[in-house]
Structures are given as structure tokens and as C-alpha cells.
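# Pasting the sequence and the predicted coordinates here, then a few questions.
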Amino acid sequence: MLAALPIPLLALQAPGTMGTAEDAAWLRWVTERFQSIAGHDEEIGLEEFKAALQVKESFFAERFFALFDVDGSGTISLAELHGALALLLRGTAADKLRFLFQVYDVDGSGSIDAAELLLVLRACLRESAISLPPQRLHDMARVLLEAADQDGNGSITFQELQQQLEAVPGLMESLTISAASWLKPPAPTRHSRRPRCPTSRSWHNHRGQLAFLGGYVSLNLLLFTLAALRHFGGSGWVAAARGCGQCLNFNCAFIAVPMLRRCLTRLRATPAGRALPLEHCVALHQLVGSAVLALAVLHAGAHVANYGRLAQDGHGALSEFLLVARPGGGGFGGTAPQTGLALQLLLFAMLAFSSPCVRRGGHFELFYWSHLSYVPVWALLLFHAPNFWKWFLVPGGLFVLEKAVGTAVSRAVGLRIVEVHLLPSQVTHLVIQRPRSFRFEPGDYIYLNIPAIAAYEWHPFSISSAPEQQDTIWLHIRSLGQWTTRLYEFFRQPEPLQPHGNLERKRWWQRVQATPCTTPGTSGCSVPSTGDAAIELTSYRRSGAPTTTRGTEDGDRDWDTSLQAVSVGPGESQQLCSIKCYIDGPYGTPTRRIFTSEHAVLIGAGIGITPFASILQSIMYRYRQRKQSCPSCETVWDEDMALRKVDFIWINRDQQHFEWFLDLLAALELQQEEQDPGGRFLELHLYMTSALGRSDVKAVGLQLALDLLAAKEQRDSITGLRTRTQPGRPDWSQVLGRVAEERKGKVHVFFCGSPALAKVVRMHCERFGFRFFKENF
């Protein structure tokens, strides 16, 4: 392959960079990638170049193409491509900076003026999916020009740009084009034959789970052994079946314990709750469910094998053993084989419809109704196993009591959704009236039922308001599944479901549909769509709706959507309404441990900020109360909380997602500034993953301008907060390393987000010896 390379390509090799096995492999990779997109003429045109680099903004594609096309032929050869990429990927800092300067110097005059800065910064904004007002763009160009233009002639020379960028540590050496990754060979896959050995810190962080899992496995082995030994004198199949049966007695009763949410919530406040891995109750329920199915298969298989042995000995046909009730056959009236087969079918159905592809694939009803099979399962077990009631008495009694109390409490008072905000990226912010007797802790969650959406479905959502907020409860719900999408669409185009039987409401709804929607200060109709851009500055104004009184029929109360005119800010649609709903809870989460931490690190990814919104509000409320009573105290301490430092890290994909909680974060910053000017009790760290990093040629000017403008105005141009929004993803080694260096006390990390990111964060926490807690429902 190397012999086939053109001679000019070899002439471009820098000393000390070519000739190694790694560089030879890279050359082969470049040649293969080039030939896969080039035609028979072995040249790449502008359109092929754009498609290959996958650059969003055509400005950069055209500028790169012009600079790569050394001979000005209008196409790029393999030699020209390799030369440019060798400079960008392996060149010196001066080589990369010269390329960057040429990208910004559009007219080739040897200097960058204000017009060129505006042109490049506008392309940088589009490339990083950032939207700013035109005035902010001019401000960034002005501040960048003021900082770099040392001689004051209104333009930036190469030497001036070099001096400005050298002030940023490590930037010159790391300049590259992220879109050129298509020409980088994939990292070699490492196949490890042995699993990674857990470290001592990993054992320490998981000691609660490991101890509980060890006890669970040991108890099952003990039960199996004792039951098998009692029947060891007969057939081995009978001993195995009895051993599995005894384990099933325990597991079929114990499977209800992880679902005792009220009991577990109260247990969290006790010393035993701090020692037990209560945050993994859902995973434990799934584990016990899998163990029940496995034990049931082994139990049934051993009995069938024993029946087959008896059939061979002439005691009857196998079908008679399985399908006909016989005296001495076990269970109530000798029906153990028949009830056992029925139990197998029910257990298989429950497992099949409990898979994530069913629950989260738009078929929640299948999961919900099939999971109600636990009622006939437990009923059949009472007939199948005469001693099961002894195991089931306590956990089953608590489960039934919890269900009865939950149903009575949740259905006793029908609450109202009094206000709805439709936020960017299909997030529905519900404001629900709060019952007077409703008490919860920051980070708790509730189960929500809205009959107008689905009469029988209950879904868990974190409470995003603080307990100190007395009148209402806030929920922020992201449209990720069938039910949440129906919820968003229901309020996006509010319309009564079945207004039959009420002529007054029918006539009102007809008038509403005939009257155009109006936004404050306009006379036209503003209708939001599924796109975020169309949600900007939209509001519904619908008046004259008859209100619901206590004497109204239930059918009318369910769909009452009395909307009133309200004023909203950019990026949301707001409605005042009155929709009936029911809540069940509250239920505790691992985040309750935050208030016993000394240094808490809260990490939210996307809508994962929801539980932390409640926690941050409550923390700052207590912080304010403490500062008012003891202004010189560094530690925020009371009988329930002792915090020295809180770091909040919020990772979002794009700019619009920050709008969900910008008002809250701005209020938190203002409260801290008022109570403790210059204080660092609460530090915010915001990351925007769609924005290109500082080391990328397509973003270095933009990020530098944003840094300069933030330092000058003391606020971030992207969010308006004092905290600067960082581009890209967090470097967890650096982030958690800085936390460790602060030495504010024992560090607990609390995470709410995707499971994939949770694994990464957990690994880094184990490295630094931090306790890691993940939000689970």
C-alpha cells in the first residue's frame, strides 16, 4: 500500500513523524478512506468533502477545502489531503495556529478585521448549536478585537493572535478539527480474557450491596440444603424439587418486600436504613423475580423427572400425573401439578411483559395488567404449597396494608393541576395543588395518575419543588414514552375529551375553537408545534370557560380545562387550568443522604436535574436561615443537615435544555451572593455537550470570545448566569480531582441520568474513594 502512494506525499513527511509502524498504519487508513469517497479520478470535490467531514456549517467546509486545495485546482488529491491532516493532527503548535489564522483571514489580507470576526463567529455559533441575539454577536467580536488588537489598528495580525492564544494553557498544542475524526483509525479493541478485578475502594463502596447479596444467597442455599436433606432418603429428584420448593416459599413472599415503598421510606430514616442498600430496591425486586422463575423451572423440572420415573415403574401415565388431581399428589386436594403448571404460565407471562422493550416501548399497559397477575400467583401458591401462608403472612400482610392505605389516601382527595408550562424539548411542567397533610423530603418522588390521560396508569416522577413551598407541588416531566408524550400533547392542544351531557360546555368549546388564539400584545394566532423553535414566545388565551363547582358530575370534572390568559417568558407556553389528578406518595430516594454529607456533589444529566431542583432550593433555604442566625459560621448545620460544600453539575445536550431551570439557578446564585458575597458554598458547573471544545479550530475563537465577555460582564452569554457554561463533556478526572483537593470533608456523589453515564461516573468515584448514589425508581 505504501509503494502505491504518490511521491509528493512522501515529501510532506515531517522528520520524526513518519516511518514508524503506527504512522504506516495511519497512512494505510487515510488511503483507504480517501479511496472510499473519491471517484476514478482519485480527486475529492467540494460536495464530497462536505459529506465526508460531516461539518454542519458550510462556511468551515469551504474554508477548509480552499486551504487543503494547495494547487487551486478545485479538487483535493490524496497528497494534499494527507499534507493538511498531518499538519492538523501531528503538526507543531505554530503550524496549527497558522492554519487557524488562515481560516479566519477570509480575504487573505494577512489580518483579521471586525467583519471577518463577525462572519467567523456567526459560523461558530451555528456549528456549536448556540443561539444568541445579534447584539451579543457584535459584543463578542468587539471584546475579542479589543483583547487581541494590541496596536489598535482595528485588525488582528498573526503575531497578535498568537500572543492571545498562548495565554490559554495547553490550547496551542491541542488545536485540531473534530470533524476530521473520520480519518483517524479506530482504537484497537482490547479483548480482556479475565474480568476486571474489583479494587479495595470498589469493595468498600459496594459493601452494603455485597453483604446483603451474600446473605440472600446464603439463606437460599441454607433453605435448599435443609429441605433437600429431609427428603434425601428417597429419590434425588424429589429432594431437588423440595429444596427448590422451600426456596420458592421464601422468595415468593420476599419479592413483596422491595415494593413496600412506605415502609422502606420510613426505614431510610433509621440507622438500619443507612446500612441497607435501599436505593437498589427495584434491582432487588427484579433479581428476586428472576430467581423465582429459575427456581420454578428447576422445581417443575425435578417433579416432571420424578413423575417420568414413576411412569416407567408402572405407577401410571405421565399425563395423568400432570393433568389429573390425585390423592397424595400434593397441594390442596392433590392439585399441586395442575396449580404448578398454571403458576409457570403466569410467571413466564409476567417476566416476558416486564422486559424494558415492553415497558418503555409504548406498551406499558401490557406490563401493568400482566404484573397484576401477582394476585392469582399468590392465591395459587396458597393452594399449591400448604406451608406458603407461614412465609407470606408478614410480608403479604404489609403489602396488602400498604396497597389499601395507598388506594384510600390517593383516591380520597382529587387534586387539581392548577398551572402548566410547556418547556423546550417537550418537557411539561405541572403545578399541582398541595394537600395540607402532604409532607415530603427534598428529592422524594410521587406516583401520578391523571384520569384524562389514562385512567389506570400511575407513573413515578421526582418532585422538583422544595418542601418549604407550601401551596403547590412541581413536577417536570420529559416526553420519553407513550404516557408522557400523551401528557404533553394533551396540554399542547388542550381539548375536552368527551364534553357530552353538558350543553353549556359544548357551546363554550365551539366558541373557543371559532375564536383565534392571541398572544399578549398581538392580534394574531400563535400555535406551537413539536419543534422547539415554534414554542418561543407563545401563549394561549382562552377565556369565558365555565368553572367547575363541587356539585359538578365526575365526568365533567375530569376534563375541565378552564384556561386563562397569562404572560410567559421566552421558550415556554403557559396555561392556567384545572385538571383532576391523583398522587400516591411521597417515597424516599438515596438523595436523602445529602443532608448528612459534608461535601455533596450533585450530578444531573438532562431532565435528571429534577430531584436536585428540590434539594438545591431546600439547601439554600436552610443556608439562608443559618446565615441569618450565625453569619460567621462556615458550616450549614442543624439537627438534620451538616454541609460544608455543594457542587452541582448539570450536563445538557443543547442550549434550550438549560431553560428548564434557569430561573431557579439564577435565584440560587443571587441568594448566595446576597447572603455571602464571594462565597463558594454552592458552586454550579454547567456543560453543553453539543458545543465544540476550545481546542477545535471551528470553536476556539467563539469560546475565547465567550470567556472574555463573561469575565467582563460577570455573566454567561449562553444562560445569563454568573456561572460560565463549559463546552463539551466533563473531564471527570479533573472535575472530581478538584473536589478531592478541596478537602471539605467526606464526599458523597449523587447522580440522576442515563445508566451509561452512571457507570462512567461510578468508576471515577471508586478511583477517588467517593461514595456513589444513583437515583432509582
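Nice, I can see it. Numbering: from 1, shown residues only.

# What ranges does the stretch 251-400 of the chain have for its helices?
For the stretch 251-400 of the chain, the helices defined by DSSP state H, counting those that start in this stretch cover 261-267, 271-275, 281-312, 318-323, 336-352, 356-359, 364-371, 374-384, 388-412.

# Who are the packing partners of the longest one?
Counting contacts by 3 or more Cβ pairs under 8 Å, 6 or more residues apart in numbering; DSSP states H and E, the secondary-structure elements packed against helix 281-312 are helix 236-254, helix 318-323, helix 336-352. Yep, even glycine has a C-beta here, placed from its N, CA and C like the rest.

# winner for burial among those helices?
Neighbour counts (mean count of other Cβ atoms under 10 Å) averaged over each of these peak at helix 236-254, with a mean of 22.

# what's it packed up against?
Secondary-structure packing of helix 236-254 (3+ Cβ pairs under 8 Å, 6+ apart): helix 207-230, helix 281-312, helix 374-384, helix 388-412.

# Now mean pLDDT, mean neighbour count and distance to Gly679 too, for those helices, in TSV please.
Formatted as TSV, these follow (pLDDT from 0 to 100; neighbours: other Cβ atoms under 10 Å; distance: least, Cβ to Cβ, whole Å):
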stretch	mean pLDDT	mean neighbour count	distance to Gly679
helix 207-230	88	14	34
helix 281-312	85	17	37
helix 374-384	90	17	52
helix 388-412	87	14	42
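
# of all those helices, which lies closest to Phe64?
Taking Cβ to Cβ, helix 281-312 is the member of the helices and strands packed on helix 236-254 nearest to Phe64, at 48.5 Å.

# Sketch out the strands for the stretch 101-250 of the chain, chain order is fine.
112-113, 155-156 (DSSP state E, counting those that start in this stretch).

# Name the SS class of the closest residue to Arg478 other than its chain neighbours, please.
Spatial nearest neighbour of Arg478, excluding adjacent residues (Cβ to Cβ, 6 or more residues apart in numbering): Ile607 at 4.1 Å. When classified by DSSP: H, G, I helix; E, B strand; the rest coil, Ile607 comes out as helix.

# And Ile607, how far from Ala613?
Distance of Ile607 to Ala613, computed by Cβ to Cβ, to the nearest Å: 10 Å.

# With Leu415 instead?
For Leu415, the distance to Ala613 (Cβ to Cβ) stands at 20 Å.

# Ok, Leu132 next?
26 Å.

# Same question for Ala385.
Ala385 is 48 Å from Ala613, where distance means Cβ to Cβ.

# What of Ser111?
Ser111 sits 48 Å away from Ala613 when distances are taken as Cβ to Cβ.

# try Ile446
For Ile446, the distance to Ala613 equals 15 Å [Cβ to Cβ].

# what does Asp41 give?
Counting by Cβ to Cβ, the gap from Asp41 to Ala613 is 58 Å.

# On the three-state scheme, Gly701 is what?
Per three-state DSSP, Gly701 ends up helix.

# one step back: mind checking which of Leu132 and Ala613 has more residues around it?
More neighbours surround Ala613 than the other of Leu132 and Ala613, with 25 against 17 (other Cβ atoms under 10 Å).

# wait, what's in contact with the more buried one?
By Cβ atoms under 8 Å, 6 or more residues apart in numbering, Ala613 lies in contact with Ser464, Ser465, Trp474, His476, Phe661, Leu664.

# Using PDB, write out every CA atom in the helix or strand where it lies.
Element membership for Ala613, per DSSP states H and E: helix 610-629. Extracted in PDB, the C-alpha atoms of helix 610-629 (Å, rounded to 0.1, in the frame of the first residue of the first chain):
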ATOM      1  CA  THR A 610     -35.400  17.300  38.600                       C
ATOM      2  CA  PRO A 611     -34.800  15.800  42.100                       C
ATOM      3  CA  PHE A 612     -31.800  18.100  42.600                       C
ATOM      4  CA  ALA A 613     -34.000  21.200  41.900                       C
ATOM      5  CA  SER A 614     -36.000  20.400  45.100                       C
ATOM      6  CA  ILE A 615     -32.800  19.700  47.000                       C
ATOM      7  CA  LEU A 616     -31.000  22.800  46.000                       C
ATOM      8  CA  GLN A 617     -33.900  25.000  46.900                       C
ATOM      9  CA  SER A 618     -34.200  23.400  50.300                       C
ATOM     10  CA  ILE A 619     -30.400  23.600  50.900                       C
ATOM     11  CA  MET A 620     -30.300  27.300  50.100                       C
ATOM     12  CA  TYR A 621     -33.400  27.900  52.300                       C
ATOM     13  CA  ARG A 622     -31.600  26.300  55.200                       C
ATOM     14  CA  TYR A 623     -28.300  28.100  54.200                       C
ATOM     15  CA  ARG A 624     -30.100  31.400  54.400                       C
ATOM     16  CA  GLN A 625     -31.700  30.600  57.700                       C
ATOM     17  CA  ARG A 626     -28.300  29.600  59.100                       C
ATOM     18  CA  LYS A 627     -26.600  32.700  57.800                       C
ATOM     19  CA  GLN A 628     -29.200  34.900  59.400                       C
ATOM     20  CA  SER A 629     -28.700  33.200  62.800                       C
END
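
# Give me the below-cutoff pLDDT ranges for the stretch 601-750 of the chain.
In the prediction, the stretch 601-750 of the chain carries residues with pLDDT under 70 at positions 627-641, 678.

# Show me the helices in it, by range?
610-629, 662-675, 700-713, 732-742.

# what's the offset of the longest one from the middle of its chain?
If I follow you right, that is helix 610-629. Centroid displacement of helix 610-629 relative to its chain, using Cα atoms, centre = their mean, to the nearest Å, is 24 Å.

# relative to helix 662-675, how tilted is it?
On the basis of axes from the mean of the first three to the mean of the last three Cα atoms, to 10 degrees, helix 610-629 is oriented at 20 degrees to helix 662-675.

# Check the burial of His363 by counting its neighbours.
By other Cβ under 10 Å, the residues close to His363 number 15.

# Distance check, it against Ser370.
10 Å.

# do Asp107 as well
68 Å.

# Looking at these two, which has the bigger crowd around it?
More crowded of Asp107 and Ser370, by other Cβ under 10 Å: Ser370, with 17 against 10.
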